[in-house]
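*Asks:* compute the structure for the input listed below.
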Amino acid sequence: MKNKFITDELITQRMTDKGWIEGCDEEHARNQVLQHFDCEITDQWQNPTFSIYEESTADGYSVWVASADTKRISICEDVYYYDSDISDVLYEAIPDYNRIYCDCEDVIEDAITRHYEHLLHRMEEEITDELLDEGYNHKVVNPINTLQYIEMISQDYQFNKDDENYCGFVHIHVNEDYKWLHYVLQIIKDRSRYEIVANHYGLTIAGAVKELLIFNELKDES
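*Replies:* Take a look at the predicted model:
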């Protein structure tokens, strides 16, 4: 029985291969985000499809203008007073426009960082789905019932023929401090019932006494 489990290490490796690296530098994050959305942010005015820039009012105040059409500026919709507002505008504009003019690095960095963190989460979900499609399974580490407990046992390295410590059986020496004592006692009490479950996961209950529970690999008799 060959076990293929989804692990944090496997997900991290797949993400790294695709360029999605947690804790990477700002330049890498920026390249990944802009490539993903097919967007360019430039500080050169070259026919941008969306523009963000600072202007001074007649009475000496600074405001931010953000618009796809700089020839038709709406005071209510396109003029902002705070950098934080502009960061939100840029964040929302990146997926929708392919060439953005903005020369404020702080605003750009904040918007890129937020997109990168969001995309990291999305890519992790996508890679997990890919692994499931490839036949990988989630590894049970904290079973909530006896059925999950048996599934967890079936995932033990001693049942993995690719592991150097494979042996095809697991001996569970039970005592009052055993973390999964309740599940073990249920199996011992109703062995025949849980034998069916064990068989489903490629195991057989070879021994079930007060202080010892033994699972063996179920041999193919065909």
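*Asks:* list the buried ones in the lengthiest helix in the chain?
*Replies:* For the chain, the helix with the greatest residue count under DSSP state H is helix 105-133. The neighbour-count check on helix 105-133 (16 or more other C-beta atoms under 10 Å) flags 107-108, 110-116, 119-120, 123-124, 127-128, 131 as buried. Glycine gets a C-beta too; all of them are placed from N, C-alpha and C.
*Asks:* check contacts around Val107.
*Replies:* Ile52, Asp83, Ile86, Ser87, Leu90 (C-beta atoms under 8 Å, 6 or more residues apart in numbering).
*Asks:* closest to Asp38 among those?
*Replies:* The shortest gap between Asp38 and any of these belongs to Leu90, at 16.0 Å (C-beta to C-beta).
*Asks:* and that closest one, how many residues sit next to it?
*Replies:* 24 (other C-beta atoms under 10 Å).
*Asks:* tell me, what residue is most central in this protein?
*Replies:* The chain has Glu124 as the residue nearest its centroid, 2.8 Å off, counting by C-alpha atoms, centre = their mean.
*Asks:* min pLDDT across the contacts of Val107, which one?
*Replies:* Ranked by pLDDT, the contacts of Val107 bottom out at Asp83 (79).
*Asks:* buried residues in the helix or strand encompassing Val89?
*Replies:* Using DSSP states H and E, the element containing Val89 is helix 83-93. For helix 83-93, a neighbour-count test (16+ other C-beta under 10 Å) marks Ile86, Ser87, Asp88, Val89, Leu90, Tyr91, Ala93 as buried.
*Asks:* any chance of those residues in CSV, plus distance to Ile205?
*Replies:* Output for these, formatted as CSV (distance: C-beta to C-beta, whole Å):
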residue, distance to Ile205
Ile86, 65
Ser87, 60
Asp88, 59
Val89, 63
Leu90, 61
Tyr91, 56
Ala93, 61
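*Asks:* tell me the one among the residues you listed nearest to Trp180.
*Replies:* Using C-beta to C-beta, Tyr91 comes nearest to Trp180 of those, at 46.2 Å.
*Asks:* any stretches of this protein with poor pLDDT?
*Replies:* 1-3, 221-222 (pLDDT under 70).
*Asks:* in it, which spans are strands?
*Replies:* Under the criterion DSSP state E, strands of the chain are mapped to 5-6, 40-42, 50-56, 62-67, 79-80, 99-102, 137-138, 169-173, 203-209, 212-217.
*Asks:* domain ranges for this structure, per the record?
*Replies:* 5-133, 141-217 (automatic domain parsing).
*Asks:* thinking again about what came up before, which one of the buried residues of helix 105-133 is nearest Ile21?
*Replies:* Using C-beta to C-beta, Leu120 comes nearest to Ile21 of those, at 8.7 Å.
*Asks:* got a list of what the closest one touches?
*Replies:* Met15, Trp20, Glu22.
*Asks:* great, nothing more from me.
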